[in-house]
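Student: sequence and predicted structure below; questions after.
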Amino acid sequence: MPICEAFAQIEQQPKIYDVVHVKYYDEEPLKLDIVISFPDHGFHLRFDPWSQRLRLIEIFDIKRLQMRYATSLIGGPSTLATFVAVYALFGPTYPGTYDKDRGVYTLFYPGLSFAFPIPSQYSDCCHDGEAELPLEFPDGTTPVTCRVSIYDSSAGKKVGVGSLMDKASAPPLPTGSIYMEEVHAKLGEELFFTVGGQHIPFGASPQDVWSELGRPCGIHQKQVAMIDFEMGYAVFTLVIS
């Protein structure tokens, strides 16, 4: 998903997504992810800063968001996403990994991972970075998910918290896609599209751009403030953008 498509969906559903935070590294925009966060819903979207395509969905508050798998629900305020519940719903898998420094055990499925906090007094339950499945503590309790990661599984990578988060990448583009078409800019003259061969001179009208490139995939209407100044019989309009 391109980031423009995400913004379009947000704008179409303002009652659902009424609080949205956009985060990026202002000093070096291409160094870190562009993050669209939904604090009221407990998740955020991470976009690759170069391609601006979605690479990772992170659910950081599973009590605010309910997930559906087949006909079953997990998460939300009524259904705790415990280790035993996740294991019973998604089925057996290979043992996960235990990050001793963070005190987090991560269980992996294709394109999906669940992170569980492990209290320090029960860290011995995870031997050599692994644990017996399903994971239950000696007192009969089981940990509750603290983070869910959803990502493209085609590369076969395991994505989780910490450094494992960086392994997520946007899915491959379809063969023949021109999403990342190379464009050459001639300063003061024009833009040249290397695949389609179009030349767009600087100062071209919207109609000229449309005729050369075709229908746009999206249109953003900028809000402007209009201030009128009346001087004698003439009226001047100042547009503040």
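Tutor: Structure's in. What do you need?
Student: so the residue nearest the centre of the chain, which of the three states?
Tutor: In the chain, the residue lying closest to the centroid (CA atoms, centre = their mean) is L45, at 2.0 Å. Assigned by DSSP: H, G, I helix; E, B strand; the rest coil, the conformation of L45 is strand.
Student: surely it and I57 touch.
Tutor: Yes - the pair L45 and I57 passes the contact test of CB atoms under 8 Å, sitting 5.9 Å apart. C-betas here are computed from N, CA, C, even on glycine.
Student: domains of this protein?
Tutor: 3-167, 183-240 (automatic domain parsing).
Student: the helices in the chain, which residues?
Tutor: Along the chain, the segments classed as helices by DSSP state H run 3-12, 83-90, 206-213.
Student: got a markdown table for those, with mean neighbour count, mean pLDDT and distance to A185 too?
Tutor: Below are the helices of the chain laid out as a markdown table (neighbours: other CB atoms under 10 Å; pLDDT from 0 to 100; distance: least, CB to CB, whole Å):
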| stretch | mean neighbour count | mean pLDDT | distance to A185 |
| --- | --- | --- | --- |
| helix 3-12 | 14 | 91 | 20 |
| helix 83-90 | 18 | 88 | 49 |
| helix 206-213 | 12 | 90 | 15 |
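Student: could I get these as a markdown table with distance to D124?
Tutor: As requested, the helices of the chain are exported to a markdown table (distance: least, CB to CB, whole Å):
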| stretch | distance to D124 |
| --- | --- |
| helix 3-12 | 43 |
| helix 83-90 | 16 |
| helix 206-213 | 62 |
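Student: which one of those helices lies nearest to V195?
Tutor: With CB to CB as the criterion, V195 lies closest to helix 206-213 of those, at 11.4 Å.
Student: circling back: which of the domains of the chain has the lowest average pLDDT?
Tutor: Note on the domains of the chain: domain 183-240 shows the lowest mean pLDDT, a mean of 75.
Student: for S149, what are its contacts?
Tutor: By CB atoms under 8 Å, 6 or more residues apart in numbering, the contact list for S149 reads L56, I57, E58, I59, L112, S113, A115, V159, G160, V161, M165, A168.
Student: identify the residue nearest it in space, chain neighbours excluded?
Tutor: Nearest-residue entry for S149: S113, 4.6 Å, with adjacent residues in sequence omitted and distances by CB to CB, 6 or more residues apart in numbering.
Student: that neighbour and M165 touch, don't they?
Tutor: No - using CB under 8 Å, S113 is not in contact with M165, being 9.8 Å away.
Student: ok, the residue nearest to the centre of the chain - contacts?
Tutor: Contacts of L45 (CB under 8 Å, 6+ apart): A6, V35, I36, S37, L54, L56, I57.
Student: so the closest residue to it other than its chain neighbours bridges to which residues?
Tutor: Nearest in space to L45, with sequence neighbours left out and distances taken as CB to CB, 6+ apart, is I36 at 4.6 Å. Note on I36: beta-bridge partners V22, L45, judged by DSSP bridges.
Student: for K15, see how far away I36 is.
Tutor: 17 Å (CB to CB, to the nearest Å).
Student: give me the more crowded residue out of the two.
Tutor: Neighbour totals were compared for I36 and K15, and I36 leads with 21 against 5 (other CB atoms under 10 Å).
Student: is it true that that one touches V19?
Tutor: No - contact between I36 and V19 fails when scored by CB under 8 Å: they sit 11.5 Å apart.
Student: what's the local residue count around P143?
Tutor: For P143, the count of nearby residues is 23 (other CB under 10 Å).
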